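>>> sequence below, structure please.
(2 chains)
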Amino acid sequence: MSTLEIKDLYASVETKEGRKQILKGATLTVNSGETHAIMGPNGSGKSTLAYTLAGHPKYFVDSGEALLDGKDLLKMTADERAKAGLFLAMQYPVEVPGVSMTNFLRTAKTEVDGKAPAIRTWTKELQDAMKNLRMDKKFASRSVNEGFSGGEKKRAEVLQLELLKPKFAIMDETDSGLDVDALRIVSEGVNRAKENTGLGIMLITHYTRILKYIKPDIVHVFAGGRFVKTGGPELADELEETGYDQYLPEGSTESALA
Amino acid sequence: MTEQEVNIPVADPNDPYAMPAAMPSSADNERRSFEVDDFKMPTRKQEDWRYTPLERIEEFFNVFTPSGETKVTVSNIDGSPIDGDKVTKSVVDRGESPSGSIMKPNDRVSAVEWNSGTKTVIVSISGELDQPVLVDVEGHGADLDSLHLVLQVADRTHGDIVVRHQGLARLAEGIEIITGKDSHVSTTFVQEWDKGSKHVGNQRIHVGDNASLRHAVVTLGGDVVRLRIDQEFGGPQGDLNMLGIYFAEAGQHLEHRTMVVHNYPECKSRVVYKGALDGKDAHSTWVGNALIKPQAPNTDSYELNRNLVLTPGPVADSEPNLEIENGNIIGAGHASSVGHFDDEELFYLQSRGITESEARKLVVRGFFADLIEQTGVPSIAEHLMNVIDRRLARGESADMQAVLEDK
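Sure, this is the predicted structure:
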């Protein structure tokens, strides 16, 4: 049983116009086996929360804490956070030319586990995981994300999630750009990871579509850089009906904030 | 039938752009001669020398007496002796054919090389080679030496030649490559000189009628290495694929100049050079010239140079030059770039638990990997990858610190 605690987190991003504070007191606790849907309008800071927790160099923590089983994530480098058990499935996975998926996955697995995986079991595990995600064998020999379609990139993210077995996963708009079939396959992968490892999930999304496949225990509204409302699965349905307008500052619209 | 007057267009010297095809090509009308005095002393004001640290190679500007400290041995790549029916090594007088048969020296250092020494080493291959031939060029001292080498490929030959440079040397080198009709071969030149070495080389290449040549240059060691590579086709439908890899460290100057000439129809050329630079005053120069002559319709040519700067401080010069004198071509493209590590790539790898130094290694390996594979000689590819790995492992401590401090 693990716990991810985000306490009163303030963070900024470097922009052309200078530093801009995006996170303004985000507080959340996620336990193993829990799925939290984090919903909110464009520009509310959902992705900033994800990247700040994962340790992207563009984001700066102003104050607050993020603890994984009591250990301070914010003092760690990005790779140390991954080794501590945090995983970020990115909205736009990055292409790394010339580095094969096989080589990348084995290197990552070795680093995360602290030892190289046994060749035979690893090969089988990789093949099975790819088969479950309906990924062609050829993917393994291709460069990381290079020339992958949007759907293929998201499958590759979930493949990594299943193989690296983190304690907590932040899924940043994993549903965007997926057709119905791909959405189902990707969601099944996330659910499998949860079943197998007791993964705790922060599922960032605009839409309730993915929540049909990945059932949230708790739904949050994220607006203005913090969590503004928390409820059960019914909150998602309510948001589908009413939109995010009521959570935006008076007089502004979603597009004006974005 | 009535007689028709035909006007042969004549270029107007006062308005050369009115008829570009009649303009003299700037690269092609450079002097070609075996006489040293036909070339002026190099200065930084001359196009061919603008990037070169001339003061570091002054000894190559005048005819000298070669030290004879360079040894050339020929074997199979696994070390076994060559099959005398297919591969031969001989030594002839420098002026004796085929020595000196491919074009003429194109700059002062090439003419100096030609006139500094009396012998030429000829390596000839024919038939179907079972394994690559290794020409080992080993330097045994820092005294000025010259080497003239001819690689002669008979008609319809299939095979690979690897020329490996190592040891300590100060070498003026000329290489002529003559490939026969319908031959399909690769030639790979590896520079792994010891520290303190200098290598000023020129290559003149003749690609046979309907032949293909894969030409690879890998420059990793040597204080100053400057290689100029000129090429011509011997008939239509020739196929030239030139690959280059270089890794310049602090204080090194590694320069590659390719001159591809399309002088027959329907030939294809590719020039892809990639380099990494690491450390203060690491300097690389790539100048890729491509000339498509009026008599070369349906030419397909492309050249590319990419540079990856690993730490602050290096300088990478990258200059593609195209001269196209025939409008009826398939393509004549070029691309050139100098870039740093991509932060997003590094973050992506790190977010999967991979340490920053390991992530950098992966990215650099990836940068070179596909090109190294394309050299087509597996034993050499593996060796090169190992050399690059060692480079990266070595750079980690001191140089990596410099990067972190810079941030």
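
>>> in the stretch 1-150 of chain A, what residue lies closest to chain B?
For the stretch 1-150 of chain A, the residue positioned closest to chain B under C-beta to the nearest C-beta is A:G98, at a distance of 2.5 Å. In this view, the C-beta of every residue, glycine as well, is placed from N, C-alpha and C.

>>> how would you label that residue: helix, strand or coil?
Recorded secondary structure, A:G98: strand (DSSP: H, G, I helix; E, B strand; the rest coil).

>>> can you tell me the closest non-neighbouring residue to it?
With C-beta to C-beta, 6 or more residues apart in numbering or on different chains as the criterion, A:G98 has its nearest non-adjacent residue at 2.5 Å, and that residue is B:G366.

>>> which SS class is that neighbour?
Reducing the assignment at B:G366 to three states with three-state DSSP gives helix.

>>> my guess is it meets A:F104, correct?
No - using C-beta atoms under 8 Å, B:G366 makes no contact with A:F104, being 9.3 Å away.

>>> between these two, point out the one with more neighbours.
Ranked by neighbour count (other C-beta atoms under 10 Å in any protein chain shown), B:G366 and A:F104 place A:F104 first, with 24 against 20.

>>> enumerate the positions of whichever strand or helix holds that one that are buried.
Secondary-structure assignment from DSSP states H and E places A:F104 in helix A:101-113. The neighbour-count criterion (16 or more other C-beta atoms under 10 Å in any protein chain shown) identifies A:101-112 as the buried residues of helix A:101-113.

>>> near chain B, which residues of chain A show up?
Chain A comes close to chain B at residues A:54-58, A:77-79, A:81-83, A:87-88, A:90, A:93-99, A:103-104, A:107-108, A:111-112, A:143-144, A:160, A:164, as judged by C-beta under 8 Å from any C-beta of the partner chain.

>>> helices of chain B, residue ranges please.
Assigned helices in chain B, in chain order: B:108-115, B:343-350, B:356-374, B:378-395, B:398-406 (criterion: DSSP state H).

>>> out of the ones you listed, which gets the lowest mean score?
Set side by side, those differ in mean pLDDT, and helix B:398-406 is lowest with a mean of 40.

>>> how far out from the middle of the chain is stretch B:148-157?
The chain centroid and the centroid of stretch B:148-157 are separated by 17 Å under C-alpha atoms, centre = their mean, to the nearest Å.

>>> where does pLDDT dip in the chain?
I went with chain A, as the question did not name one. Counting by pLDDT under 70, the ranges of chain A that qualify are A:250-258.

>>> correction: the question concerned chain B.
Along chain B, the model assigns pLDDT under 70 to residues B:1-29, B:394-407.

>>> quick one on the thing from earlier: deepest in the core, which of the helices of chain B is it.
helix B:108-115 (a mean of 24; mean count of other C-beta atoms under 10 Å in any protein chain shown).

>>> give the other helices and strands that it contacts.
For helix B:108-115, the contact count by 3 or more C-beta pairs under 8 Å, 6 or more residues apart in numbering or on different chains; DSSP states H and E identifies strand B:133-153, strand B:158-179, strand B:198-207 as packing neighbours.

>>> what helix or strand does A:R19 sit in?
Taking DSSP H and E as the definition, A:R19 sits inside strand A:18-31.

>>> circling back: for B:V87, find the nearest of the helices and strands packed on helix B:108-115.
In this view, the helices and strands packed on helix B:108-115 are compared for proximity to B:V87 by C-beta to C-beta, and strand B:133-153 is the closest at 5.4 Å.

>>> returning to what we had before: out of the helices of chain B, nearest to A:V190?
Proximity to A:V190, assessed across the helices of chain B by C-beta to C-beta, is greatest for helix B:343-350 (19.4 Å).

>>> any idea how far the residue nearest to A:G98 lies from A:T52?
When C-beta to C-beta, to the nearest Å is the yardstick, B:G366 and A:T52 sit 28 Å from each other.

>>> same deal with B:E35?
Going from B:E35 to A:T52 by C-beta to C-beta gives 69 Å.

>>> which of these two has more neighbours?
The residue with more neighbours, out of B:E35 and A:T52 and counting by other C-beta under 10 Å, is A:T52; that gives 27 against 12.

>>> elements contacting the host helix or strand of that one?
Using DSSP H and E, A:T52 sits in helix A:46-54. Under the contact criterion of 3+ C-beta pairs under 8 Å, 6+ apart, helix A:46-54 touches strand A:3-15, strand A:18-31, strand A:59-68, helix A:78-84, strand A:86-89, strand A:168-172, strand A:200-205.

>>> before we move on, back to that, for the helix or strand just after the helix holding A:F104, C-alpha coordinates in CSV please.
Tracing the chain past helix A:101-113, the next element assigned as helix or strand by DSSP H and E is helix A:119-132. Once non-C-alpha atoms are left out, helix A:119-132 reads as follows in CSV (Å, rounded to 0.1, in the frame of the first residue of the first chain):
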residue,chain,number,x,y,z
ILE,A,119,16.4,-12.3,-20.9
ARG,A,120,14.0,-15.1,-21.4
THR,A,121,11.2,-14.0,-19.1
TRP,A,122,11.7,-10.4,-20.3
THR,A,123,11.3,-11.3,-24.0
LYS,A,124,8.1,-13.2,-23.2
GLU,A,125,6.8,-10.4,-21.0
LEU,A,126,7.4,-7.8,-23.8
GLN,A,127,5.8,-10.0,-26.4
ASP,A,128,2.7,-10.7,-24.3
ALA,A,129,2.3,-7.0,-23.4
MET,A,130,2.6,-6.0,-27.0
LYS,A,131,0.1,-8.6,-28.1
ASN,A,132,-2.4,-7.5,-25.5
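
>>> many thanks, I have nothing further to ask.
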